[in-house]
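Participant: sequence plus the predicted model coming up.
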Amino acid sequence: MVGPARPQFVLFGSSIVQLSFGYGGWGAILADIYARKDAAVQPSLVIVYFGGNDSMGPHSSGLGPHVPLAEYIENMRKIATYLQQSLSEKTRIIFLSCPPVNEAKVRENTSEYFSELVRTNALCQSYSEACIKLCQEMGLKVVDLFTALQEKEDWMDAYFTDGIHLSAEGSKIVVKAILKVLKEAD
């Protein structure tokens with residue numbers, strides 16, 4: 001016997017999205033909240049997150065994950081346009097802006113091989129602001145992770161496992177922000 005269709009969520013992004021399905025991760029929490037709910041064939045929700053790797057400073061070799069800010073904005077615009085044109089009007093689309101990092105922890109966990117790779121909150125903030133501005137221009141919902149994750153005084157230690165990826169506590173902040181956007185949309 002086949003039961004009713006479940007809501008389909010699409011989470012599109014980097015390792016922060018991949019690891020969100022681990023124990024206590026924000027993807028796992030959302031899946032749990034929306035389990036056993038009926039939905040249409042198209043996804044009910046699409047969440048897009050890119051920026052953490054893109055916002056890293058360029059490596060002297062020219063290699064590495066860095067994407068220049070103008071190119072990042074254009075890539076995000078292409079993703080947003082495609083989603084807006086391809087999905088049902090009932091599908092919720094939420095972009096997540098670039099989160100901050102715990103710079104000291106990132107440096108502590110960086111190997112000698114990657115020592116030239118630079119992750120700073122100044123770079124993260126510029127990519128976050130660009131994502132927010134683009135979403136506002138395109139009429140898309142956006143969660144300002146850069147600000148949301150810094151509201152607690154000990155955010156650097158409380159919300160990250162390795163300075164970059166979110167802890168269970170950090171994931172709770174992301175879920176709270178996503179649910180707020182969803183409730184406002186309803």
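Facilitator: Cool, the structure landed.
Participant: residues contacting the most centrally placed residue in the chain?
Facilitator: In the chain, the C-alpha closest to the average C-alpha coordinate belongs to Y49, at a distance of 3.4 Å (CA atoms, centre = their mean). The neighbours of Y49, taking CB atoms under 8 Å, 6 or more residues apart in numbering as the test, are L11, F12, G13, S14, I16, V17, F95, L96. In this view, the C-beta of every residue, glycine as well, is placed from N, C-alpha and C.
Participant: can you give me the pLDDT of the second one?
Facilitator: By that I understand F12. Looking at F12, its pLDDT stands at 68.
Participant: how far is stretch 144-158 from where the chain is centred?
Facilitator: With CA atoms, centre = their mean, to the nearest Å as the basis, stretch 144-158 stands 14 Å off its chain's centre.
Participant: that stretch: end-to-end distance?
Facilitator: Using CA to CA, to the nearest Å, the span of stretch 144-158 from its first residue to its last is 18 Å.
Participant: enumerate the positions of that stretch that are buried.
Facilitator: Burial within stretch 144-158, assessed by neighbour count using 16 or more other CB atoms under 10 Å, is assigned to D144, L145, F146, A148, L149, Q150, W155, M156.
Participant: from what I see, G22 and A28 are in contact.
Facilitator: Yes. Counting by CB atoms under 8 Å, A28 is a contact partner of G22 at 6.8 Å.
Participant: show me which of the contacts of Y49 are buried.
Facilitator: Buried positions within the contacts of Y49, assessed by neighbour count (16+ other CB under 10 Å), are L11, G13, S14, I16, V17, F95, L96.
Participant: keep only those of the buried residues of stretch 144-158 that are in helices.
Facilitator: For the buried residues of stretch 144-158, membership in helices holds for L145, F146, A148, W155, M156, with DSSP state H as the criterion.
Participant: in the strand or helix carrying Y82, which residues are buried?
Facilitator: Assessed by DSSP states H and E, Y82 sits inside helix 69-86. Buried positions in helix 69-86, judged by neighbour count with 16+ other CB under 10 Å: Y72, I73, M76, I79, A80, L83.
Participant: any chance of those residues in CSV, with pLDDT and distance to V175 too?
Facilitator: Compiled in CSV, the buried residues of helix 69-86 are given as follows (pLDDT from 0 to 100; distance: CB to CB, whole Å):
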residue, pLDDT, distance to V175
Y72, 96, 25
I73, 97, 27
M76, 96, 22
I79, 95, 22
A80, 96, 22
L83, 92, 21
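Participant: so where's this structure shaky on pLDDT?
Facilitator: Across the chain, the ranges flagged by pLDDT under 70 are 1-7, 12, 35-37, 39-41, 111-117, 186.
Participant: where along it do the helices fall?
Facilitator: With DSSP H as the criterion, the chain has helices spanning 15-18, 26-33, 69-86, 103-108, 121-138, 145-148, 155-158, 168-185.
Participant: okay, these in JSON lines with distance to Q42 next?
Facilitator: Written out in JSON lines, the entries for those read as follows (distance: least, CB to CB, whole Å):
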{"stretch": "helix 15-18", "distance to Q42": "20"}
{"stretch": "helix 26-33", "distance to Q42": "17"}
{"stretch": "helix 69-86", "distance to Q42": "9"}
{"stretch": "helix 103-108", "distance to Q42": "38"}
{"stretch": "helix 121-138", "distance to Q42": "20"}
{"stretch": "helix 145-148", "distance to Q42": "26"}
{"stretch": "helix 155-158", "distance to Q42": "36"}
{"stretch": "helix 168-185", "distance to Q42": "16"}
